[in-house]
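**Q** Below is the sequence, then the predicted model.
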Amino acid sequence: MTARPHVVLSAAQSLDGYLDDASSTRLLLSNEDDFAEVDRLRAESDAILVGAGTVRADNPRLLVRSAELRRERLAAGRPEQPIKVTVTTSGKLDPASRFFTAGDTTKLVYAPPMVADELRDLATLVDAGTPPELGRILDDLGARGVRRLLVEGGGAVHTQFLAAGLADELRLAIAPITVGDPRAPRFLGTGAVPRPLRLSEVRQLGDVAVLHYRVAAEPSALDVLRLRQAIALADECPPSSTFRVGAVIAAPDGTVLATGHSGEGDPRNHAEEAALAKLSPDDPRLATATMYSSLEPCSARASHPRSCTQLILATAIPRVVMAWREPSLFVEAEGVEQLTAAGRQVIEVPALAADVRRANTHLPGVRP
Ligand SMILES: NC(=O)C1=CN([C@@H]2O[C@H](COP(=O)(O)OP(=O)(O)OC[C@H]3O[C@@H](n4cnc5c(N)ncnc54)[C@H](OP(=O)(O)O)[C@@H]3O)[C@@H](O)[C@H]2O)C=CC1
Ligand SMILES: Nc1c(N[C@@H]2O[C@H](COP(=O)(O)O)[C@@H](O)[C@H]2O)[nH]c(=O)[nH]c1=O
């Protein structure tokens, strides 16, 4: 499979976190220098993506403005303009939008089959699921030769890229104004951001502060996908007075080798135990596999002879990714410590712990 593009998010927000005001005219939060830098980011990209909401609200051209930057692209053997990309479920896009009419470049619309047929002569319509999935969109863009994708918003799209762990960098410009109107669109909506962001640069462009973040390499986007799958598996657990947990064992390319949930097979089974029971401990694939568990693997138990940590240590699984450290309700858990001491890598994703707690509010003192 072709590599997915490197994804750079770019947004300008007010001090109180808005991307725009609630009026029908577009709010300019950037100043001239900031817009010039965003133009350079465009010129460095193979494609620019915005959500259909931004196409409707802003009617953007999404072109590199600077003639010099366009010349540089041509001199480097690249197309004069990046590919334009949008995504829609409704298909409600005006064919007269500048997205379609401005600039002689490829336009891609990711939409469910049949919904945007009237755009067929103006753009390439691509089915990436119903609704379109960002991971499939990135796979398709990679296959089209897009190595660097600039995502310019709006809020719904930025939120989804960050929540899915699919962004690699974020450039955020902060203007010294407040919008103060809850009807206006915010930079980020509801949704935990599972991959930590590291502040890599802070600069001043006049009154605008420019923050640059890089997204941590681990957990990866694939880790986030499989951990969320493990968290969702807890819904399969039968009613219980103990933890409701889900587990997934996957190969490095994401292939699922086994899944399990608490109470599967035997009411006393733990999720990791149920998943491991479906594989031989000597299965050679385990030497490179990751155990995804919604909860820290247990380190002591009364109901079965071996803890999940011991069961993992009895295999060659080198890596465990988990969302929630076990709270001290039944025992003082030491799963992370024991796994780490044995040389196994443990990655904790605390941003997703609230989803695990939500499945465990039947336990005393557990709140989402
Ligand atoms: N200051 C800044 O830097 C920027 C500001 N903005 C502002 O942001 C606002 C727009 O933001 P917002 O309203 O959040 O809209 P978005 O641009 O994020 O677009 C949201 C729409 O995109 C489509 N969409 C998003 N994700 C998916 C998906 N996974 N699958 C299918 N379709 C999807 C849906 O379209 P559909 O409804 O057609 O199904 C959805 O309604 C505007 O006011 C604009 O001015 C925008 C960009 C940058
Ligand atoms: N308002 C705003 C931005 N808005 C972004 O710029 C796009 C407009 O593109 P174009 O028509 O090509 O100039 C718009 O759709 C949205 O993605 N960007 C910023 O850096 N700063 C800003 O203050």
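**A** Okay, I see it. Ligands and ions are numbered 1, 2, ... in the order given.

**Q** got the contact list for M291?
**A** A247, V248, I249, E272, A275, P297, I312, I317, R319, V320, V321 (C-beta atoms under 8 Å, 6 or more residues apart in numbering). Every residue, glycine included, has its C-beta placed from N, CA and C.

**Q** Let me know the helix or strand that the fourth one is in.
**A** Secondary-structure element containing E272, defined by DSSP states H and E: helix 271-276.

**Q** List the buried residues of stretch 12-26.
**A** Buried residues in stretch 12-26, counting neighbours by 16 or more other C-beta atoms under 10 Å, are found at A12, Q13, S14, Y18, L19, D20, D21.

**Q** Would it be right to say that the first one lies in a strand?
**A** Yes - A12 sits within a strand when classified using DSSP: H, G, I helix; E, B strand; the rest coil.

**Q** so what's it bridging to?
**A** Beta-bridge partners of A12, counted by DSSP bridges, are A173.

**Q** Can you get me a residue count around the residue in the stretch 101-250 of the chain that ligand 1 sits nearest to?
**A** Residue nearest to ligand 1 within the stretch 101-250 of the chain: G154 (2.1 Å; C-beta to the nearest ligand atom). Around G154 there are 23 other residues, counting by other C-beta atoms under 10 Å.

**Q** Contacts only, for it.
**A** Contacts of G154 (C-beta under 8 Å, 6+ apart): L19, D20, V50, G51, G53, T54, A57, P185.

**Q** how about 7 Å then?
**A** L19, V50, G51, G53, T54, P185 (C-beta atoms under 7 Å, 6 or more residues apart in numbering).

**Q** before we move on, what about A289?
**A** So A289 contacts I249, A250, A251, L257, I317 (C-beta under 7 Å, 6+ apart).

**Q** Now rank these by neighbours and give me the top one.
**A** Going by other C-beta under 10 Å, I249 tops the contacts of A289 with 28 neighbours.

**Q** So what does that one have for phi and psi?
**A** Here is the backbone geometry of I249 (degrees, to the nearest 10): phi -110, psi 120.

**Q** now for the helix or strand containing D223, which elements pack on it?
**A** Assessed by DSSP H and E, D223 sits inside helix 221-233. With contacts taken as 3 or more C-beta pairs under 7 Å, 6 or more residues apart in numbering; DSSP states H and E, helix 221-233 sits against strand 246-250, strand 290-295, strand 319-324.

**Q** So for T178, which of the ones you listed sits nearest?
**A** strand 319-324 (35.0 Å; C-beta to C-beta).

**Q** Identify the residues contacting the residue of the stretch 51-200 of the chain found nearest ligand 2.
**A** Proximity of the stretch 51-200 of the chain to ligand 2 (C-beta to the nearest ligand atom) peaks at P60, 3.1 Å away. By C-beta under 7 Å, 6+ apart, the contact set of P60 is V50, T54, R98, F99.

**Q** Please report the distance of the second one from D117.
**A** The one in question is T54. 22 Å (C-beta to C-beta, to the nearest Å).

**Q** likewise the last one?
**A** Here the criterion is C-beta to C-beta. By it, F99 lies 17 Å from D117.

**Q** For these two, work out which one has more neighbours and name it.
**A** F99 (28 against 11).

**Q** what's the helix or strand for that one?
**A** Residue-wise, F99 maps onto helix 98-101 under DSSP H and E.

**Q** which parts of that helix are buried?
**A** Result for helix 98-101 [16+ other C-beta under 10 Å]: buried residues R98, F99, F100.

**Q** same check, this time on stretch 260-278
**A** Under 16+ other C-beta under 10 Å, the buried positions of stretch 260-278 are 260-264, 269-276.

**Q** Dump those residues to a markdown table, plus distance to ligand 1 and pLDDT.
**A** Converted to a markdown table, the buried residues of stretch 260-278 look like this (distance: C-beta to the nearest ligand atom, whole Å; pLDDT from 0 to 100):
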| residue | distance to ligand 1 | pLDDT |
| --- | --- | --- |
| G260 | 30 | 98 |
| H261 | 28 | 98 |
| S262 | 31 | 96 |
| G263 | 34 | 95 |
| E264 | 32 | 96 |
| N269 | 36 | 94 |
| H270 | 34 | 95 |
| A271 | 29 | 97 |
| E272 | 32 | 97 |
| E273 | 36 | 97 |
| A274 | 32 | 97 |
| A275 | 30 | 98 |
| L276 | 34 | 98 |
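
**Q** before we move on, the earlier item: output the contacts of A289 as TSV; include the columns distance to L150.
**A** Shown next, in TSV, are the contacts of A289 (distance: C-beta to C-beta, whole Å):
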residue	distance to L150
I249	36
A250	30
A251	32
L257	36
I317	38
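
**Q** show me where this structure has helices.
**A** Using DSSP state H, the helices found in the chain span residues 32-43, 52-58, 67-75, 98-101, 134-143, 155-163, 221-233, 271-276, 308-313, 335-341, 353-358.

**Q** most neighbours per residue, which of those helices?
**A** helix 271-276 (a mean of 28; mean count of other C-beta atoms under 10 Å).

**Q** Now do that helix: which elements does it pack against?
**A** strand 246-250, strand 256-261, strand 290-295, helix 308-313.

**Q** Of these, which is nearest R358?
**A** strand 290-295 (10.5 Å).

**Q** Close to ligand 1: what parts of the stretch 51-200 of the chain are there?
**A** 51-54, 57-58, 87-90, 92, 131-132, 134, 152-157, 160, 185 (C-beta under 6 Å from any ligand atom).

**Q** since we're on the residue nearest to E44 when sequence neighbours are not counted, how many residues are nearby?
**A** Using C-beta to C-beta, 6 or more residues apart in numbering and skipping the chain neighbours, the partner closest in space to E44 is R148 (6.5 Å). As a burial measure, R148 scores 17 neighbours (other C-beta under 10 Å).
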